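Q: Sequence first, then the predicted structure, then my questions.
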Amino acid sequence: MSGTLTANAKNAPRRHHSVSTPADRLIRLVALRFGGEKAKELERFIKFAFVGLLGFVIDTGTVIILQNSLLPPVTTNNQPLD
């Protein structure tokens, strides 16, 4: 039975999300300008890079906030770093 599900999934038409963000147009224009024949791949890469950058900013901000409030860095002797 699982073979039937796999075959149906491969033959099913792909559905694309209908959510559009303000950055989509800019990303598409940049991808078309510099991507050439692989504009769609460049568009995916730009979106992937943006998500990675956003994650980095959030993680770094979280660490900075925690170190300055609840979890200040200390030495092995539990002395604050100067």
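A: Received the coordinates, thanks. Numbering: from 1, shown residues only.

Q: Show me what the host helix or strand of Gly52 is packed up against.
A: Taking DSSP states H and E as the criterion, Gly52 maps to helix 39-68. For helix 39-68, the packing partners by 3 or more C-beta pairs under 8 Å, 6 or more residues apart in numbering; DSSP states H and E come out as helix 22-35. Yep, even glycine has a C-beta here, placed from its N, CA and C like the rest.

Q: Show me what stretch 62-72 is in contact with.
A: By C-beta atoms under 8 Å, 6 or more residues apart in numbering, the surrounding residues in contact with stretch 62-72 are 73, 80-81.

Q: Quick one: the residues you listed as a markdown table, columns for pLDDT too.
A: A markdown table is the format used below for those (pLDDT from 0 to 100):
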| residue | pLDDT |
| --- | --- |
| Pro73 | 86 |
| Pro80 | 82 |
| Leu81 | 82 |
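
Q: Run through the protein and note the low-pLDDT ranges.
A: 1-10, 12 (pLDDT under 70).

Q: how many other residues sit next to Ile27?
A: By other C-beta atoms under 10 Å, 17 other residues sit near Ile27.

Q: Quick check: it touching Phe48?
A: No. Using C-beta atoms under 8 Å, Ile27 is not in contact with Phe48, being 10.9 Å away.

Q: most centrally placed residue in the chain?
A: Most central in the chain under C-alpha atoms, centre = their mean is Val51, positioned 2.2 Å from the mean C-alpha point.

Q: so how far is Asn68 from that residue?
A: 26 Å (C-beta to C-beta, to the nearest Å).

Q: And Glu41, by the same measure?
A: Taking C-beta to C-beta, one finds Glu41 at 41 Å from Asn68.

Q: do the same with Lys38
A: Counting by C-beta to C-beta, the gap between Lys38 and Asn68 amounts to 44 Å.

Q: With Thr21 instead?
A: For Thr21 relative to Asn68 (C-beta to C-beta), the value is 32 Å.

Q: No more questions from me, cheers.
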